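Chemist: Quick one: sequence and predicted model below, then my questions.
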Amino acid sequence: MSYFKSTRDGQLERAVVDYNRGTLSRRDFMKKAVALGVTAGLAGALATSWSGNAIAQSTRTAAKPEGTYDYIVIGSGSAGAACAHQLAKGGASVLVLEAGRADDLEEVHDSRLWAAALGTDATKWFETTHQKYADNRTHLWPRGNVLGGTSCLNAMIFARGHSSDYDSWAYEGNTGWSFKDVLPHFMALETYEPGGENRGESGPLFVSQPADGRKHPGAQAFMNACADLGYVETKSINSDRMSGQAWVDFNIKDQRRQSSAVSFLYPIREQKNVTILVEAPVIKINFTGTKCTGVTYLHDETPVTVNVSREVVVSAGAIDTPKLLMLSGIGIAADLKSLGIETVADLQVGVGLQDHILGAGPNWETKGPLPVSNYNHSEATCGSAPTAVWRHQIRQSSMSRFPSPRPDTSSITRMAIAFCPA
Ligand SMILES: Cc1cc2nc3c(=O)[nH]c(=O)nc-3n(C[C@H](O)[C@H](O)[C@H](O)COP(=O)(O)OP(=O)(O)OC[C@H]3O[C@@H](n4cnc5c(N)ncnc54)[C@H](O)[C@@H]3O)c2cc1C
């Protein structure tokens with residue numbers, strides 16, 4: 001199974017991706033394009049436009065960016081890609097610098113292979129220090145190292161969170177964060193395939209539910225069992241009632257993951273005001289006094305400084321964002337001093353990190369073989385308390401092992417329920 005279709009267009013797409021990744025020279029790209037029926041003139045034009053700012057380029061092959069950008073977005077994950085999309089739509093010049101690789105891996109795009117993405121170089125693993133309250137063990141944390149960030153390896157479950165969470169933030173003084181305030185933004189964000197009240201119908205992020213005829217029998221059995229126990233089905237975990245069993249909302253379209261790169265960067269990547277570079281790790285945010293002037297990043301492993309006229313968006317994820325800020329002089333002054341870093345701003349950076357638990361719960365075996373999920377191996381859920389769905393959740397899963405290499409294409413007999421208190 002290949003990510004690229006065997007059609008002429010699919011093969012041309014593959015040639016473009018290989019060219020952009022630097023694994024195909026310009027001459028070989030031209031040869032391949034011509035062999036696929038593209039005229040020599042057009043192939044040359046394609047190579048020229050694609051070696052510019054039309055598509056995510058590796059710093060190994062792309063020219064260094066020139067001039068000053070309105071905005072520089074560091075990291076192209078869930079947050080960064082969405083920000084870049086909105087800024088670019090407004091007409092600003094935007095440079096997206098992504099430390100990780102291009103997203104041309106089938107493990108990233110085929111929703112059934114999501115756990116396999118954890119075994120590729122699209123994933124970067126961090127190990128915690130010994131945790132006192134976890135029997136002194138260390139924990140491994142996977143994060144995205146790819147265009148689209150962790151949205152390329154997560155389980156694709158789309159959960160807004162409970163309205164009371166937002167209302168409590170507003171209650172604590174965060175104006176504009178009540179559920180009433182954020183709801184229009186959630187609606188503008190999504191295209192919700194099943195439709196319904198308080199759902200969006202034309203946003204860049206595609207959200208769906210398992211379709212009739214394609215639902216996994218294990219998930220259906222789970223839904224039936226919940227009903228037998230007296231729970232009442234809710235139509236969506238993102239509706240006004242989060243308790244009860246539900247078919248999950250997820251970011252999957254036609255068995256393809258709707259990563260933040262697919263949803264937010266692909267639609268803008270050909271705009272002239274957008275430059276997206278992969279393999280472009282930012283090593284420092286630059287300041288004159290306390291005014292941010294731009295960033296220094298590695299372009300094909302050579303430090304390059306780019307200036308910004310408006311803002312730098314730091315969206316490098318929960319671990320790398322504080323790390324980068326601290327390396328740039330923003331953090332607790334005493335800590336920075338002990339490491340020989342000059343303080344730009346003495347701020348509480350790098351404290352208060354919270355994690356949610358993902359644990360495997362009860363497992364069972366079926367009497368006979370079952371098919372592989374058409375979606376993400378986690379099609380149904382049962383929130384057992386009227387709080388955020390991630391807080392008290394039993395999630396049906398039809399994965400035979402975690403993390404799994406690739407789903408075996410024949411059948412599975414083992415089932416697991418994931419219980420996620422946090
Ligand atoms: C296994 C797993 C399953 C999950 N399942 C779900 C789920 O089903 N539903 C859900 O809602 N959430 C899920 N999550 C959580 C969710 O994916 C993350 O919370 C979210 O993607 C984080 O977004 P972010 O923008 O903060 O960071 P990321 O998406 O991690 O983006 C950060 C980006 O910054 C880049 N970067 C880092 N340092 C630099 C640098 N110095 N210079 C340039 N770029 C840099 C990284 O390479 C990365 O691309 C899951 C997470 C994991 C690990």
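Modeler: Sure thing, it's come through.

Chemist: Kindly report the residues of the stretch 301-422 of the chain close to the ligand.
Modeler: S315, A316, G317, A318, D320, L324 (Cβ under 6 Å from any ligand atom). (C-beta placed from N, C-alpha, C; glycine too.)

Chemist: and the closest residue to the first one other than its chain neighbours, how many neighbours?
Modeler: Read that as S315. Distance criterion Cβ to Cβ, 6 or more residues apart in numbering; nearest residue to S315, sequence neighbours excluded, is G80 at 3.5 Å. As a burial measure, G80 scores 26 neighbours (other Cβ atoms under 10 Å).

Chemist: what's near enough to touch G80?
Modeler: Contacts for G80 (Cβ atoms under 8 Å, 6 or more residues apart in numbering) come out as V73, I74, V96, E98, G149, S260, V313, S315, A316.

Chemist: And those, which is closest to the ligand?
Modeler: Using Cβ to the nearest ligand atom, G149 comes nearest to the ligand of the contacts of G80, at 2.7 Å.

Chemist: got the contact list for the closest one?
Modeler: Taking Cβ under 8 Å, 6+ apart, one finds G75, S76, G77, S78, G80, A81, E98, G100, R143, S260, G317 in contact with G149.

Chemist: If you rank those by neighbours, which is first?
Modeler: For the contacts of G149, neighbours tallied by other Cβ under 10 Å; top is S76, 36 neighbours.

Chemist: Close to the ligand: what parts of this structure are there?
Modeler: Contact residues (Cβ under 6 Å from any ligand atom) of the chain with the ligand: 74-80, 97-100, 142-145, 149-151, 153-157, 159, 281-282, 315-318, 320, 324.

Chemist: let's go with 5 Å and repeat that
Modeler: 74-75, 77-79, 99-100, 142-145, 149-151, 154-155, 157, 281-282, 316-317, 320 (Cβ under 5 Å from any ligand atom).

Chemist: Inside strands: which ones of these?
Modeler: I74, P142, R143, G144, V282 (DSSP state E).

Chemist: list the contacts for the fourth one?
Modeler: G144 makes contact with G77, G100, A122, T123, K124, T150, S151, C152, L153, G317 under the criterion Cβ under 8 Å, 6+ apart.

Chemist: could the residues you listed go into CSV alongside pLDDT?
Modeler: Shown next, in CSV, are those (pLDDT from 0 to 100):
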residue, pLDDT
G77, 98
G100, 97
A122, 96
T123, 97
K124, 97
T150, 97
S151, 98
C152, 97
L153, 95
G317, 97
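
Chemist: Tell me the most packed of these, by neighbour count.
Modeler: C152 (31 neighbours).

Chemist: circling back to that earlier point, show me which of the contacts of G144 is closest to the ligand.
Modeler: G77 (1.9 Å).

Chemist: In this structure that closest one contacts L153, no?
Modeler: No - in this structure G77 lies outside contact range of L153 using Cβ atoms under 8 Å: 10.4 Å.

Chemist: before we move on, back to that, which two in the contacts of G149 are spaced the farthest apart?
Modeler: The most widely separated members of the contacts of G149 are A81 and R143, with 14.8 Å between them, by Cβ to Cβ.

Chemist: what about the stretch 251-400 of the chain, any weak spots by pLDDT?
Modeler: Within the stretch 251-400 of the chain, the ranges that satisfy pLDDT under 70 run 357-364, 384-400.

Chemist: how about the strands in it?
Modeler: With strands called from DSSP state E, counting those that start in this stretch, the stretch 251-400 of the chain shows them at 252-253, 256-257, 274-278, 282-288, 291-299, 302-314, 330-331, 345-346, 359-370, 380-383, 393-397.

Chemist: For these, give me TSV that also has mean neighbour count and distance to R112.
Modeler: Output for these, formatted as TSV (neighbours: other Cβ atoms under 10 Å; distance: least, Cβ to Cβ, whole Å):
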stretch	mean neighbour count	distance to R112
strand 252-253	21	9
strand 256-257	22	10
strand 274-278	24	25
strand 282-288	17	33
strand 291-299	18	35
strand 302-314	16	33
strand 330-331	24	41
strand 345-346	14	45
strand 359-370	11	14
strand 380-383	26	16
strand 393-397	24	13
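
Chemist: PyMOL command to pick out the buried ones of the residues of the stretch 301-422 of the chain next to the ligand?
Modeler: Filtering these down to the buried ones (16 or more other Cβ atoms under 10 Å) takes a single PyMOL command:
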select buried, resi 315+316+317+320+324
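
Chemist: Mind picking the two most distant members of the residues of the stretch 301-422 of the chain next to the ligand?
Modeler: Between any two of those (Cβ to Cβ), the greatest distance is 11.9 Å, for A318 and L324.

Chemist: Could you list the low-pLDDT ranges of the stretch 51-200 of the chain?
Modeler: For the stretch 51-200 of the chain (pLDDT under 70), the answer is 51-55.

Chemist: Now for D110, how many residues are close by?
Modeler: Around D110 there are 19 residues (other Cβ under 10 Å).

Chemist: Please report how far it lies from the ligand.
Modeler: D110 sits at a distance of 16 Å from the ligand (criterion: Cβ to the nearest ligand atom, to the nearest Å).

Chemist: in the sheet, who's paired with that residue?
Modeler: R256 (DSSP bridges).

Chemist: Is it correct that it is in contact with Q255?
Modeler: Yes - using Cβ under 8 Å, D110 makes contact with Q255 at a distance of 6.5 Å.
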